[in-house]
Every structure is written in C-alpha cells, then in structure tokens.
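Enquirer: any chance you can model this:
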Amino acid sequence: QVQLQESGPGLVKPSQTLSLTCTVSGGSITANYYYWSWIRRPPGKGLEWMGAIAYRGTTYYSPSLKSRTSISRDTSKNQFTLQLTSVTPEDTAVYYCARNKRDSGSYYDYWGQGTQVTVSS
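Expert: The predicted model follows:
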C-alpha cells in the first residue's frame, strides 16, 4: 500500500517561499512510469494541478505557475518537494501530493491527506 504524507508550515507570509515535502512509503518515487504531483485546492475552488516530477526526475509545471514553482526530489529519503516563491494570499489552499501513472491521464491512484497552507501577514 502506497502512502503519501505532506509536511511543511501551515502559515507563510506574503512574498516568502512556500516549501512542502511529500514523504512516500510503500513504493519508490523512482519506480518506472509513475509521476508524482502537487495539486492544490483554494477555498471555494476546484483542484489545480501545479506540477509533477517523473520517475526519471523530469519535471513538469503548470504554465500559470511555472515562473514561481520548483519541484525536486531526494531519492535517498523517497521524498519530493514543492517550492512556490513570492506567495500571495491567493496561494492559500489545501496542498496535496499524489501519484499517477504514465498514460493514465488525470487519474491519481494515491493521494496524501492534504495540508492547509495559509498565506497571511
């Protein structure tokens, strides 16, 4: 059973950088054909895919967030990390990490429980 767990600060000040880590257990982030994504849900809005890192380490970003987003990984810890720079209150959301498989489209088979991040001074 694959498990994903998000961790990071729940409160970030405007203009700062948000950093979240997803720790994966029960499966390797380098396993063939899997992609590991960050997805968020702002209050009152739908899910927004932010970006992903693939099993080979290639990264993909939402065009609307690309200039502020960076996803990296630590294979020795089986973790991947999101950094979002220059945050504003509009970045307040529940942030999720999730896994999907190549050619599965937007079907994610495992999700973290989500972590609330509030951007406020």
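Enquirer: alpha carbons only for contacts and neighbour counts from here, please
Expert: Will do.
Enquirer: so the one residue sitting closest to the centre of the chain: helix, strand or coil?
Expert: Centroid check for the chain by Cα atoms, centre = their mean gives residue 38 as the closest residue, at 2.2 Å. Classification of residue 38 by DSSP: H, G, I helix; E, B strand; the rest coil places it in strand.
Enquirer: grab the nearest non-local neighbour of it.
Expert: Nearest residue to residue 38, sequence neighbours excluded (Cα to Cα, 6 or more residues apart in numbering): residue 97, at 4.6 Å.
Enquirer: A helix includes residue 90, no?
Expert: Yes - under three-state DSSP, residue 90 falls within a helix.
Enquirer: separation between it and residue 103?
Expert: Counting by Cα to Cα, to the nearest Å, the separation of residue 90 from residue 103 is 31 Å.
Enquirer: between these two, which has more neighbouring residues?
Expert: More crowded of residue 90 and residue 103, by other Cα atoms under 10 Å: residue 90, with 12 against 9.
Enquirer: near the residue nearest to residue 91 when sequence neighbours are not counted, how many other residues are there?
Expert: Closest residue in space to residue 91, ignoring its immediate chain neighbours: residue 119 at 6.6 Å, by Cα to Cα, 6+ apart. Residues near residue 119, counting by other Cα under 10 Å, number 19.
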